[in-house]
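In: Generate coordinates for the sequence data below:
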Amino acid sequence: MNRGYFCSMLKHTLLKAAEAGAAELQRFFNGSFSISNKEGINNLVTEADHAAEKAIMGVIQADYPDHYILSEESGEHIQDSSYKWIIDPIDGTVNFANGIPICCVSIGVERAGKMLMGAVYNPIMNELFFAQKGFGATLNNKRIHVSDKTEVIKSCLVTGFPYTYLDEPNGPIQVFEKLIRKGVPVRRLGSAAIDLCWVAAGRFDGFYEHKLQAWDSAAGFLMVEEAGGKVTDFNGDYYSPYQPHLLATNGKIHDELLRIINGGLF
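Out: Predicted coordinates:
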C-alpha cells in the first residue's frame, strides 16, 4: 500500500476516534456521572473517562485490530505491531468533573518508537488540534506557530503539579516560586495536553512539568515541534514521553528556562 495513502487512512481513523471520544466527553459534561479516585488525592476517574475510552478504542480496533494500544484507564493492549496508539480519554478530568471546560481527548500515534501523528480535541471550546510529523500543526484546520518571545522574564508560562508530590531539589513548587517571585506569569490549567497545544498555538511561550505519563504528552509534544517549537527533557536531551520530565517552549527561551528549572540563577 502507498505510504501517503496509508497515512491518510491513519489520519482519518485518528480524527474519527478523537471525535468519538469527544462526543462522550460532551455528552457527560455538566451532567451527572459516577466518580472514583486513583492513587493520590483528587486523582479522579469518571464514568465519562471509561465511556470515552471505549468509544475511542472501538474506532481504532475496528480499523486496525492488530495495532498496539496504550490507554490511561485500561493500560496496555499488546500487539506485535510497529504502530502504537497512546490514548488519554479525558485529559483534565478534575476540570471535567467540576464543569471547567479545559479538558480534552488526546491521542498520539507512534510508529517504530517515533511519534507520527497526534490529535487533541476539546469539544467544549470547539478546538481540534492536529499534527503530523513533517507536515506542521493545525487548529481547526488552520496552521499554528509558536510565539516569538526571546526572554523568560517577558514570557507567559504554564505548568502542572503532580498528584503525588516529588520531594526533590528544584521540584515543582521551588521552580514555580522562583518564577513568580520575579513576576513571571505562570498559569496552571490542569491539562498537559492543552498546555502543550497552547504553546504550539503561541498562547503560552513555554510549558514545563516534573511528572507526566506518556498519554499526557504523546500528542501534544508533537504539536509543539510541528508548530516550530522545541521539546526536551530536563537534561536538554531528546524528549521521550516514557520519561517524566518535559520542557516545551517556542525554542527562543528554551535554554534560559532549562537553566532556571535546573537551579540556575534568575
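
In: Pull the number of nearby residues for the nearest residue to Ala200 once chain neighbours are set aside.
Out: Leaving aside its sequence neighbours, Ala200 sits nearest to Ala227 (Cβ to Cβ, 6 or more residues apart in numbering; 3.8 Å). C-betas here are computed from N, CA, C, even on glycine. Per other Cβ atoms under 10 Å, the neighbour tally for Ala227 reads 25.

In: How about the one 10 residues further on?
Out: Using other Cβ under 10 Å, Asp237 has 10 other residues around it.

In: Need the phi and psi values for it.
Out: phi -90, psi 170 (degrees, to the nearest 10).

In: cool, Met125 as well?
Out: When read as degrees, to the nearest 10, the backbone of Met125 gives phi -100, psi 0.

In: cool, and Cys7?
Out: When read as degrees, to the nearest 10, the backbone of Cys7 gives phi -60, psi -40.

In: Please, where are all the helices along the stretch 1-150 of the chain?
Out: Remark: helices assigned in the stretch 1-150 of the chain by DSSP state H, counting those that start in this stretch are 3-28, 47-63, 93-97.

In: so the first one versus helix 47-63, what angle?
Out: Relative orientation of helix 3-28 versus helix 47-63 (axes from the mean of the first three to the mean of the last three Cα atoms, to 10 degrees): 150 degrees.

In: quick thing: my sequence starts at 44, can you match it?
Out: Fine by me, first position is 44 from now on; the one you just mentioned is helix 46-71.

In: circling back to that earlier point, for the residue nearest to Ala243, which residues are in contact?
Out: Residues counted as contacts of Ala270 (Cβ atoms under 8 Å, 6 or more residues apart in numbering) are 174, 179-180, 187-189, 242-245.

In: One more pass at 6 Å, please.
Out: 180, 187-189, 243 (Cβ atoms under 6 Å, 6 or more residues apart in numbering).

In: where exactly do the strands run in the stretch 194-309 of the chain?
Out: Along the stretch 194-309 of the chain, the segments classed as strands by DSSP state E, counting those that start in this stretch run 200-202, 229-230, 249-252, 273-275, 289-292.

In: could the ones you listed be laid out in TSV, adding mean neighbour count, distance to Arg302 and mean pLDDT?
Out: Listed next are the strands of the stretch 194-309 of the chain as TSV, based on neighbours: other Cβ atoms under 10 Å; distance: least, Cβ to Cβ, whole Å; pLDDT from 0 to 100:
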stretch	mean neighbour count	distance to Arg302	mean pLDDT
strand 200-202	23	14	98
strand 229-230	17	16	98
strand 249-252	28	12	98
strand 273-275	21	12	98
strand 289-292	27	11	98
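
In: a markdown table for those, including distance to Phe264?
Out: As requested, the strands of the stretch 194-309 of the chain are exported to a markdown table (distance: least, Cβ to Cβ, whole Å):
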| stretch | distance to Phe264 |
| --- | --- |
| strand 200-202 | 14 |
| strand 229-230 | 18 |
| strand 249-252 | 10 |
| strand 273-275 | 5 |
| strand 289-292 | 6 |
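
In: Show me the one of these that comes nearest Arg154.
Out: Closest approach to Arg154 among these (Cβ to Cβ): strand 273-275, 18.0 Å.

In: thinking again about what came up before, so which of the helices of the stretch 44-193 of the chain is the most surrounded?
Out: The highest average neighbour count among these, using mean count of other Cβ atoms under 10 Å, belongs to helix 136-140 at a mean of 22.

In: Show me the one of the helices of the stretch 44-193 of the chain that comes nearest Ile112.
Out: Across the helices of the stretch 44-193 of the chain, closest to Ile112 is helix 90-106 (Cβ to Cβ), at 6.3 Å.

In: Export the closest one to CSV, keeping only CA atoms.
Out: This file holds the C-alpha atoms of helix 90-106, laid out as CSV (Å, rounded to 0.1, in the frame of the first residue of the first chain):
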residue,chain,number,x,y,z
GLU,A,90,-17.8,7.3,34.2
ALA,A,91,-17.1,9.6,31.2
ASP,A,92,-13.4,8.6,31.1
HIS,A,93,-14.4,5.0,30.7
ALA,A,94,-17.1,5.8,28.1
ALA,A,95,-14.7,8.0,26.1
GLU,A,96,-12.0,5.3,26.2
LYS,A,97,-14.5,2.6,25.0
ALA,A,98,-15.6,4.8,22.1
ILE,A,99,-12.0,5.7,21.1
MET,A,100,-10.8,2.1,21.2
GLY,A,101,-13.8,0.9,19.3
VAL,A,102,-13.0,3.1,16.4
ILE,A,103,-9.3,2.2,16.4
GLN,A,104,-9.8,-1.5,16.8
ALA,A,105,-12.4,-1.6,14.0
ASP,A,106,-9.9,-0.1,11.5
